[in-house]
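Trainee: make a model of this:
(chains A and B)
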Amino acid sequence: MTGFAVLLRKELTEAWRTRRLPLLAIMFVLIGLISPLTAKFLPDILKAALGDQAGSIPLPAADAAQAVLQLQKNLGQLGALAAIALAMGAVAGELDKGTAALVLAQPVGRSAFLAAKLVAIGVVLAIATALGIAVAWVYTAVLFELPSVGGWLALWGLTWLALFAYAALTLWASAATGSTTAAAGLGFVALIGLSLAAVVPAVERLLPAGLSGPAAQLATGATTDLDPAKLATAVGGSVVLIALAAVGASVAFRRREL
Amino acid sequence: MKINGLDTINPALLALLIPVAVIEIGLLLLAARDLLREDRRVRGDSKAMWAVIIVFFNLIGPVLYFLIGRQDGPADTTPGPGAMPGWGSPHDPPIVVPPAPERAPDAVRAALDAPRANRLPDAPPAIVVERLVRRYPGGVLALDGLELSVPAGSVFGLLGPNGAGKTTCLRLLAGLTHPTAGRAIVAGLDPAVDPLGVRGRLGYLEQDPRAYTWMTGREQLRLVGQLHGLGGAALEASIDDALGRVALRDAADRRAGGYSGGMRQRLGIAGALVHRPPVIILDEPVSALDPEGRRDVLGLIASLRGETTVLFSSHVLGDVERICDRVAILDHGRLVVEGSIEELLDRYAQPVWRIEAEPGEDAALDVLAGRLRLLPWVTAAAAEHGLLTVAVSDTGVAARELLPAVVAAGVAVVSVARARPTLEDVFLRLTGEREVAA
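Mentor: Residues are numbered from 1 along each chain as shown, chains lettered A, B, ... in the order given. Here you go, the predicted model:
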């Protein structure tokens, strides 16, 4: 793909200079910081708030597993929204500003243009997710016990894959509609739709949502219940979803007038 | 300091970040040692303290970036060695020559005044358009069987009223949109078949050119050059030369987000020049420029004659008449006429009289124009801004009867004079745009 490397460098520089990368990193670091703290102090907060009634309600345990669940919940919600926000204007914004025509008037293929954007979004998400999970790892170690490095690396990889899938779908919408607002809406609809579809266990194991269970098991070391087949299908399904989004974006963008 | 050829880091920021990074690594090592100790003698509070310190230092980098890094580093205003080895392959080794001076009026004037080469029509065509049709979704027919041939090395002007199909034609030639039917050949390649190959041999300036606002002008040219496979000293020399040619060296290291419309247009022109293409297509290249900038850019375009093929559109007919070897007039997506300025004037220009009225006589001038149009020896009459232009078929009759007609209309005039026909007169006659006559 002619020009891919040059465009990827441009995308990463843009992510840094326009503060997308630093802001996303700060957001994920804060999530990583807050999640173990919430796990640690939520039972105490609930006890203080509920008073005498606290005894009649089962309170969440303050342990490392709870920290992982809190982290997954926060990244699954705020992180997914951040991934959508990251990708929604990637193509539509450049079409709107006229800079897409500037680049595509050079000897650059449209597929290289899109691939550079997709890979750059993946890199930005990977960095931000890594920082957030690293901070959460340190806090979990400080507040509870030393977590497994390998398990948390798996948590990072699987979390990143899920977020990247939502970002890729939003990028597809951005290329197909040429509208940042429409892309954001479609990305959000995809997030909700996939979450609802994941209610069915047979479907969940094919979707990004199916990654969270195995990820939690790997991070907490509860691997005895780990279903490798479910992990494999969820990973495969997410990769297929990303590939589908990339192809769909390429087909839609090829037909688009600049 | 430049990183990866694109980024710029403030040295002050770097001086702060390095100690921060060293401290952070030290803290990480201390934290790791404490956290990994088997006897766990370190109390939880101290672990939390380590965690807070690490997070704090993780956040310091971005904070410093926001506080300091947004300022540009010291601009490298030292002019680099210029290089402009003619307009051969972009991969040719550059011949280092003194950098092109900014705004060289004598050179500009000389380029503008240089005689046009009438032999150019005999040159092999650099651009050929054959029965090109472009119908937009919704049924709008932008191009309707357009035929065109642009001789290599010529400066070729594309004229036409709004909606004539000029921009569509140029975008098709650049491979930015696809034809419904017909084909084009640009620098030996068909943009519909090999768009990347065409764009590799093409410098293209979009109408109302845009820029990445977070990049400096120099970085944007570097991006364009790199996309054309250039790099290293040759690219930097080409960038410096292109910046000099469009008088943008002083602003080259400022962010393009702060550029005026005229500066963006200059930057776009520099982007079309930086890789030294054999064919340059410019869509309204001087529309956002002030008179001085327009003169400089027109001089630049004229100076490319014989070295590269320039096809540009404009609605400023005087500019086209001034620098073009050949002109094509489009209307409703079709070629109305094509030829050298002299050919068009000989073939289509009719004798013209211009009547300048006193201020406040616009209404009377309109009435007079209406009366004149009814006369058999008047082929066209249009009034605008106190000036009435009358095209006539018989100069002898006009010489006798025009002045009495003016007097009879009671218009207070400043002057009545026979004028040399211009391209504008030809354009107005062929496209029927009477109302824009001036």
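Trainee: identify the residues contacting A:Phe113.
Mentor: A:Gly3, A:Leu7, A:Ala100, A:Val103, A:Leu104, A:Phe253 (Cβ atoms under 8 Å, 6 or more residues apart in numbering or on different chains). C-beta coordinates here come from the backbone N, C-alpha and C atoms, glycine included.
Trainee: remind me which residues of chain B are low pLDDT?
Mentor: Counting by pLDDT under 70, the ranges of chain B that qualify are B:1-123, B:432-438.
Trainee: what helix or strand is the most centrally placed residue in it located in?
Mentor: By Cα atoms, centre = their mean, chain B has its centre lying nearest to B:Pro285, at 3.4 Å. With secondary structure defined by DSSP states H and E, B:Pro285 is part of neither a helix nor a strand.
Trainee: ditto for B:Ile127
Mentor: strand B:125-135.
Trainee: got it, and B:Ala184?
Mentor: Assigned by DSSP H and E, B:Ala184 belongs to strand B:181-186.
Trainee: and that strand, what's buried?
Mentor: B:Gly182, B:Ala184, B:Ile185, B:Val186 (16 or more other Cβ atoms under 10 Å in any protein chain shown).
Trainee: the stretch 301-438 of chain B: helices as residue ranges?
Mentor: Taking DSSP state H, counting those that start in this stretch, the helices of the stretch 301-438 of chain B run over residues B:317-323, B:341-348, B:362-373, B:395-409, B:423-431.
Trainee: point me to the helix or strand that includes the closest residue in space to A:Trp160 that isn't next to it in sequence.
Mentor: Setting aside the residues directly before and after it, A:Trp160 is nearest to A:Thr129 in space (Cβ to Cβ, 6 or more residues apart in numbering or on different chains), at 4.7 Å. Element membership for A:Thr129, per DSSP H and E: helix A:110-143.
Trainee: tell me who's in contact with the closest residue to chain B within the stretch 151-258 of chain A.
Mentor: Residue nearest to chain B within the stretch 151-258 of chain A: A:Leu258 (5.2 Å; Cβ to the nearest Cβ). A:Leu258 makes contact with A:Leu95, A:Ala100, A:Ala101, A:Leu104, B:Arg171, B:Leu176, B:Thr177 under the criterion Cβ under 8 Å, 6+ apart.
Trainee: hang on, the earlier thing: for the following helix or strand past the helix holding A:Thr129, list every residue counted as buried.
Mentor: Scanning forward in sequence from helix A:110-143 by DSSP H and E, the next helix or strand is helix A:149-177. Residues of helix A:149-177 classed as buried: A:151-152, A:154-177 (neighbour count, 16+ other Cβ under 10 Å).
Trainee: contacts for stretch A:195-212, please.
Mentor: For stretch A:195-212, using Cβ under 8 Å, 6+ apart, the contacting residues are A:72, A:76, A:158-159, A:161-162, A:165-166, A:194, A:229-231, A:233-238, A:241.
Trainee: can you tell me the distance between the two ends of it?
Mentor: End-to-end distance of stretch A:195-212 (Cα to Cα, to the nearest Å): 12 Å.
Trainee: show me what counts as buried in that stretch.
Mentor: Going by 16+ other Cβ under 10 Å, stretch A:195-212 has these buried residues: A:Ser195, A:Ala198, A:Glu204, A:Arg205, A:Leu206, A:Leu207, A:Pro208, A:Ala209, A:Gly210, A:Leu211, A:Ser212.
Trainee: same question for stretch B:340-352.
Mentor: Here stretch B:340-352 shows B:Ser340, B:Ile341, B:Leu344, B:Leu345, B:Tyr348, B:Ala349, B:Gln350, B:Pro351, B:Val352 as buried, counting by 16+ other Cβ under 10 Å.
Trainee: in the stretch 201-350 of chain B, which spans are strands?
Mentor: Assigned by DSSP state E, counting those that start in this stretch, the stretch 201-350 of chain B shows strands spanning B:202-205, B:279-283, B:309-313, B:326-331, B:334-340.
Trainee: swap in the stretch 51-200 of chain B?
Mentor: B:125-135, B:141-151, B:155-159, B:181-186.
Trainee: what's the last one packed up against?
Mentor: What that stands for is strand B:181-186. strand B:125-135, strand B:141-151, helix B:166-173 (3 or more Cβ pairs under 8 Å, 6 or more residues apart in numbering or on different chains; DSSP states H and E).
Trainee: hmm, try it at 7 Å
Mentor: strand B:125-135, helix B:166-173 (3 or more Cβ pairs under 7 Å, 6 or more residues apart in numbering or on different chains; DSSP states H and E).
Trainee: neighbouring strands for the longest one, and are they parallel or not?
Mentor: Put plainly, it is strand B:125-135. strand B:141-151 (antiparallel), strand B:181-186 (antiparallel) (DSSP bridges).
Trainee: if I look at A:Glu204, how far off is A:Val251?
Mentor: According to Cβ to Cβ, to the nearest Å, A:Glu204 stands 28 Å off from A:Val251.
Trainee: domain boundaries for chain B, per the record?
Mentor: B:2-69, B:105-345, B:350-420 (automatic domain parsing).
Trainee: and the last one, how far out from the chain's middle?
Mentor: Computed by Cα atoms, centre = their mean, to the nearest Å, the chain-centroid distance of domain B:350-420 equals 37 Å.
Trainee: quick one: end-to-end distance for stretch A:98-113.
Mentor: Terminal residues of stretch A:98-113 lie 14 Å apart, using Cα to Cα.
Trainee: that older thread, quick check: the two most widely separated of the contacts of A:Leu258?
Mentor: Pairwise distances across these peak at 14.4 Å for A:Leu95 and B:Arg171 (criterion: Cβ to Cβ).
Trainee: between these two, which one's more packed in?
Mentor: Just comparing A:Leu95 and B:Arg171: by other Cβ atoms under 10 Å in any protein chain shown the higher neighbour count belongs to B:Arg171, 24 against 21.
Trainee: do you know how far the more buried one is from chain A?
Mentor: B:Arg171 sits at a distance of 8 Å from chain A (criterion: Cβ to the nearest Cβ, to the nearest Å).
Trainee: pretty sure that residue contacts B:His178?
Mentor: No: between B:Arg171 and B:His178 there is no contact under Cβ atoms under 7 Å: 9.8 Å.
Trainee: let me know the closest of the contacts of A:Leu258 to B:Asp250.
Mentor: Nearest to B:Asp250, judged by Cβ to Cβ, of the contacts of A:Leu258 is A:Ala101 at 27.1 Å.
Trainee: now that closest one. Nearest residue, chain neighbours left out?
Mentor: A:Leu258 (4.4 Å).
Trainee: SS state for the one you found?
Mentor: coil (DSSP: H, G, I helix; E, B strand; the rest coil).
Trainee: before we move on, the earlier item: got the angle for the helix holding A:Thr129 vs helix A:149-177?
Mentor: Going by axes from the mean of the first three to the mean of the last three Cα atoms, to 10 degrees, helix A:110-143 is angled at 150 degrees with respect to helix A:149-177.
Trainee: returning to that earlier point: as TSV, the strands of the stretch 201-350 of chain B with distance to B:Glu130 would be great.
Mentor: Converted to TSV, these look like this (distance: least, Cβ to Cβ, whole Å):
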stretch	distance to B:Glu130
strand B:202-205	18
strand B:279-283	17
strand B:309-313	16
strand B:326-331	14
strand B:334-340	11
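Trainee: pick the most buried one from the ones you listed.
Mentor: Among the strands of the stretch 201-350 of chain B, strand B:202-205 has the highest mean neighbour count (mean count of other Cβ atoms under 10 Å in any protein chain shown), at a mean of 28.
Trainee: which elements pack onto that one?
Mentor: Strand B:202-205 makes packing contacts with helix B:261-273, strand B:279-283 when contacts are defined by 3+ Cβ pairs under 7 Å, 6+ apart.
Trainee: what's the offset of the first one from the middle of its chain?
Mentor: So the one you mean is helix B:261-273. The answer for helix B:261-273 is 6 Å, by Cα atoms, centre = their mean.
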